[in-house]
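1. Pasting the sequence and the predicted coordinates here, then a few questions.
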Amino acid sequence: MKQLDEFGEDARIEYDYHRERYHANFLVKTPQVERLNVRLWDLLDANQQGPSRVKGAAVVDSPPGLGKTTAVDAFGRAFHKRQITRHGTAFDEGQTIHIPVCRVAFTGNTTTRALNEAILNFYNHPSADASKSRYLRNRNLAALAAESVRRHGTRLIIVDDVHFLKIHTDEGVALANELKWLAVLTRDVDR
């Protein structure tokens with residue numbers, strides 16, 4: 001308390017801001033979170049096996065408000081740190097930033113085009129803005145998104161709000177197939 005009392009007004013505002021953010025995103029390591037982490041690490045380790053093997057994916061499901069997003073994001077941060085420790089922060093003699101984890105979210109009407117745009121926006125790809133025009137066809141966007149995944153050494157793609165995926169529609173099937181295709185790309189990353 002004595003140290004807090006010594007803060008000036010600006011320092012106290014900044015301290016309170018960071019403290020509020022920390023507590024708003026606090027992850028309680030419950031037995032369920034621990035089991036989730038073990039299973040996710042096992043899945044990622046298994047995905048390193050031969051290129052011809054089918055690669056797994058995980059869907060985390062529970063009632064709203066129990067911390068699914070917080071738990072998966074914490075896992076993503078841990079995976080990111082592990083990959084940076086193993087492979088460094090840059091590739092190609094510092095020309096390319098190593099980004100081991102890509103995180104995007106579905107919306108109520110996510111299409112394959114919207115997914116690829118979200119990936120391009122995540123990487124801050126120059127074509128992300130151009131994607132609003134009709135000049136870039138969806139396959140072109142997919143190729144650009146795939147190249148971003150490969151170039152940055154991404155090994156994990158976190159998709160939040162996957163419950164918006166309507167698998168019983170043509171667009172839902174196309175979107176599920178797009179995710180499978182991206183999973184193959186993250187497997188083929190050699191870093």
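-> Received the coordinates, thanks.

2. C-terminal to the lowest-mean-pLDDT helix or strand in the chain, what's the next element?
-> For the chain, scoring each helix and strand by mean pLDDT, DSSP states H and E identifies helix 127-130 as the least confident one, at a mean of 69. Toward the C-terminal end, the helix or strand that comes next after helix 127-130 (DSSP states H and E) is helix 138-151.

3. just how off-centre is that next one within its chain?
-> With Cα atoms, centre = their mean, to the nearest Å as the basis, helix 138-151 stands 16 Å off its chain's centre.

4. for that helix, which positions count as buried?
-> Within helix 138-151, the residues that count as buried by 16 or more other Cβ atoms under 10 Å are 138, 141-142, 144-146, 148-149, 151. Every residue, glycine included, has its C-beta placed from N, CA and C.

5. Widest-spaced pair of the residues you listed?
-> Greatest spatial distance in these: 138 and 151, 20.0 Å, computed using Cβ to Cβ.

6. For residue 5, give its distance to residue 89.
-> Applying Cβ to Cβ, to the nearest Å, the value for residue 5 to residue 89 is 39 Å.

7. the more surrounded of those two?
-> residue 89 (11 against 7; other Cβ atoms under 10 Å).

8. For that one, give me phi and psi.
-> When read as degrees, to the nearest 10, the backbone of residue 89 gives phi -100, psi -10.

9. contacting residues for the nearest residue to it once chain neighbours are set aside?
-> Once flanking residues are discounted, residue 89 sits nearest to residue 98: 5.5 Å by Cβ to Cβ, 6 or more residues apart in numbering. Residues near residue 98 by Cβ atoms under 8 Å, 6 or more residues apart in numbering: 83-84, 87-91, 152-153, 191.

10. Repeat that for residue 73.
-> By Cβ under 8 Å, 6+ apart, the contact list for residue 73 reads 103, 158.
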